[in-house]
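*Asks:* Requesting a structural model of the entry that follows:
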Amino acid sequence: MLRWAWRQLTSMRTALFLLLLLAVAAVPGSLFPQRGSNPSTVTQYLSDHPTSGPILDWFKLFDVYSSPWFAAIYLLLFTSLVGCVLPRAKIHWKAMRSAPPRTPVRLSRLAEYGTVEIPAGSGVGAEQAVKDAAAVLKGRRYRVDVRDLGTERPSVGAEIGFLKEVGNLVFHVSVLGVLAAVAYSGLAGYSGQRVVVEGETFVNTLVGYDTFTPGAYFNSDRLSPYSVKLDKLAVTYDRESPGHYGQPIDFKATMTTKDGADAPAKQQVLKVNDPLSIGGTNVYLVGNGYAPVVTVKDGKGNVAFQGPVVTIPTDGAYTSLMVIKVPDAKPNQLGFVGFFLPTALVDNKGVAFGSDPDPFNPQLNLNAYTGDLGLDNGIPRNVYTLDTSKMKQINGRDLKAGGIVLAPGQTYKLPQGNGTISFDGIKRFAALDIRHDPGQVYVLVFAVLALSGLMASLFLNRRRVWVRTGNHPDGRTMVEFGLLARGEDHRLAGEAAAINKALHAKWLVPTGPQGEDGNRTPANQNDTETGVTVSSKDQ
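*Replies:* As a prediction, the model looks like this:
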């Protein structure tokens, strides 16, 4: 039973089925958020779907690529390919070292057949003719084997196209290499995300990441101590096309990088789909937005918060949600929630809305809260949400004090002696995705090899050619040849015509109708089966 199970697992049909199953198994990773890349979204999904969420989580649909069932398919595919490739490689190696198959008795029954008559007196006998034919086939890159010398009917067998099967094997070995390289990257690599505001510096340490996803065999010693500073993020918008006015057409982040603490600083440019390579990692630009600079003073006049606040863009006009938490404010903690408008306009109802992504008329619109932010009990909180369950709202459109509306340089005094908030200016931020992928180069190499092997297996053809010669009683030397393809080969007729032409040219024999139109008509009607006219006695 074990032998039967191994045969089933290592069959090409099973390997193809597992490859298809692996592709299908990867689909949920695109349909559902994954913990490794976006844990907060997974938490929100579970909160929004209290019934189906836990069931999906039990099936590991939020951890598809690290789930046991995905790993099982991956390993089974790997084992199946190894079991398929190694025996085939052994068989093909033996075939390449063995002689071509014996010459068929009746060459005229092959897919392509032709004859050549060498005139009497040319000095080319049967043995010389077969040696000449072998030389012609060698010149066409065939592997030849001359046989039956010293007999009345010497012949030569030839083969070509072994690279077709070699390409097939290279393709499957390369698929194994791609699988192994991807697995190596997953085990030894890591990825992380960091939001960097203009003027800030990211240092490649564990504490420098906003989120970090290590591989199973990750070691913090592998982190190269480089630094990246965002000098300026420039966004170019379409200002010419009426139909696409205001749409972004280019993002360019000017970075100052250092490979180490004592390394010289270099200025580099980071763009979308044009990553920055440093310290064995690739740094990708995956997002951007505005970070208004805000100063909050508490009721005692002390600066409780000062700096840029990262916002979340929600539309093409960069209407951005923002949350400010001020846990150090005295006597009460303060919280602000609202939105930032790069270019604010007001409708006929007095409601502000964004009209352009460029900061032509920036404006902050906030509601203020005072009370307990929930940060003192050690429970992690999302920096982009404000828990107001234990807080009192002191500003808002529906309250007497009204909402907070600020332009750059303006300050608003909070009611009930809770201090002030100032809008000091605007900066941009860049969302960076940092990835260390040690198997990336190997994936590229094996992918190129797989493509080359696939092209060889598709466009090369395995062919066999046999040539038999004999001496006619009248002094002529009769030559017949036949071709056979392994599988379908629509170019076999052309190859037969080329060999026929080469043989005629070798012996300076003018081509007849067979050489001109490729018909399978022998030169002499009596030579239909053997290419040699024989007497009644010989028959």
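
*Asks:* Just the endpoints, please. Distance across stretch 351-369?
*Replies:* Using Cα to Cα, to the nearest Å, the span of stretch 351-369 from its first residue to its last is 21 Å.

*Asks:* and the longest helix seen in the chain, which residues are buried?
*Replies:* Of all the segments of type helix in the chain, defined by DSSP state H, the longest one is helix 68-97. Neighbour counts over helix 68-97 (16 or more other Cβ atoms under 10 Å) mark 70, 73-74, 76-81, 83-85, 89 as buried. C-beta: built from backbone N, CA, C; applies to glycine.

*Asks:* Surely Met322 and Leu341 touch.
*Replies:* No: contact criterion Cβ atoms under 8 Å: Met322 and Leu341 do not qualify, at 10.7 Å.

*Asks:* Name the residues contacting each of these two.
*Replies:* Residues touching both Met322 and Leu341 (Cβ atoms under 8 Å, 6 or more residues apart in numbering) are Leu364.

*Asks:* pLDDT of the strand or helix carrying Phe202, averaged?
*Replies:* Here Phe202 sits within strand 201-203, counting by DSSP states H and E. In this model, strand 201-203 carries a mean pLDDT of 93.

*Asks:* Tell me the strands beside it, with direction?
*Replies:* Based on DSSP bridges, the pairing partners of strand 201-203 within the sheet are strand 227-237 (antiparallel).

*Asks:* The following helix or strand past the strand it pairs with pairs with which strands, and in what direction?
*Replies:* Of the helices and strands lying after strand 227-237 in sequence (DSSP H and E), the nearest is strand 248-258. Partners of strand 248-258 in the sheet, by DSSP bridges, are strand 227-237 (antiparallel), strand 266-271 (antiparallel).

*Asks:* In TSV: those, plus distance to Ala493 and mean pLDDT.
*Replies:* Shown next, in TSV, are those (distance: least, Cβ to Cβ, whole Å; pLDDT from 0 to 100):
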stretch	distance to Ala493	mean pLDDT
strand 227-237	59	93
strand 266-271	54	93
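
*Asks:* Buried deepest among these, which one?
*Replies:* strand 227-237 (a mean of 17; mean count of other Cβ atoms under 10 Å).

*Asks:* what are the C-alpha coordinates of it, in CSV please?
*Replies:* What follows is strand 227-237, C-alpha atoms only, in CSV (Å, rounded to 0.1, in the frame of the first residue of the first chain):
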residue,chain,number,x,y,z
SER,A,227,18.8,54.9,8.8
VAL,A,228,16.5,56.6,6.4
LYS,A,229,15.4,60.2,6.8
LEU,A,230,12.5,61.7,4.8
ASP,A,231,13.6,65.1,3.6
LYS,A,232,10.7,65.9,1.4
LEU,A,233,7.7,64.2,-0.2
ALA,A,234,6.6,65.8,-3.4
VAL,A,235,3.3,64.9,-5.1
THR,A,236,2.6,66.1,-8.7
TYR,A,237,-1.1,66.5,-9.6
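
*Asks:* can you offset everything so residue one is 506?
*Replies:* In the new numbering, first residue 506, that becomes strand 732-742.

*Asks:* Show me the shaky parts of the stretch 506-655 of the chain.
*Replies:* 541-542, 545 (pLDDT under 70).

*Asks:* For it, which segments count as helices?
*Replies:* 507-514, 517-530, 533-536, 544-553, 557-563, 573-602, 631-644 (DSSP state H, counting those that start in this stretch).

*Asks:* Compute the inter-axis angle for the longest helix of the chain and helix 517-530.
*Replies:* If you take axes from the mean of the first three to the mean of the last three Cα atoms, to 10 degrees, helix 573-602 sits at 150 degrees to helix 517-530.

*Asks:* I'd guessed Leu561 sits against Phe567; true?
*Replies:* Yes: with contact defined as Cβ under 8 Å, Leu561 and Phe567 form a contacting pair (6.7 Å).

*Asks:* Now do stretch 706-720: distance to the chain's middle.
*Replies:* 24 Å (Cα atoms, centre = their mean, to the nearest Å).

*Asks:* hey, where'd the strands end up in the stretch 756-905 of the chain?
*Replies:* 771-776, 781-783, 786-802, 808-813, 817-818, 825-831, 838-846, 849-851, 857-859, 868-876, 896-898 (DSSP state E, counting those that start in this stretch).

*Asks:* The second one pairs with which strands?
*Replies:* The one in question is strand 781-783. strand 786-802 (antiparallel).

*Asks:* can you give me the angle the partner strand makes with strand 868-876?
*Replies:* Going by the same axes, to 10 degrees, strand 786-802 makes 70 degrees with strand 868-876.

*Asks:* what about Leu561 and Phe567, which has more around it?
*Replies:* Phe567 (23 against 16; other Cβ atoms under 10 Å).

*Asks:* quick revisit: which neighbours do Leu561 and Phe567 share?
*Replies:* Each of Phe537 lies in contact with both Leu561 and Phe567 under the rule Cβ under 8 Å, 6+ apart.

*Asks:* who's in contact with Leu654?
*Replies:* The contact partners of Leu654, by Cβ under 8 Å, 6+ apart, come to Glu632, Val635.
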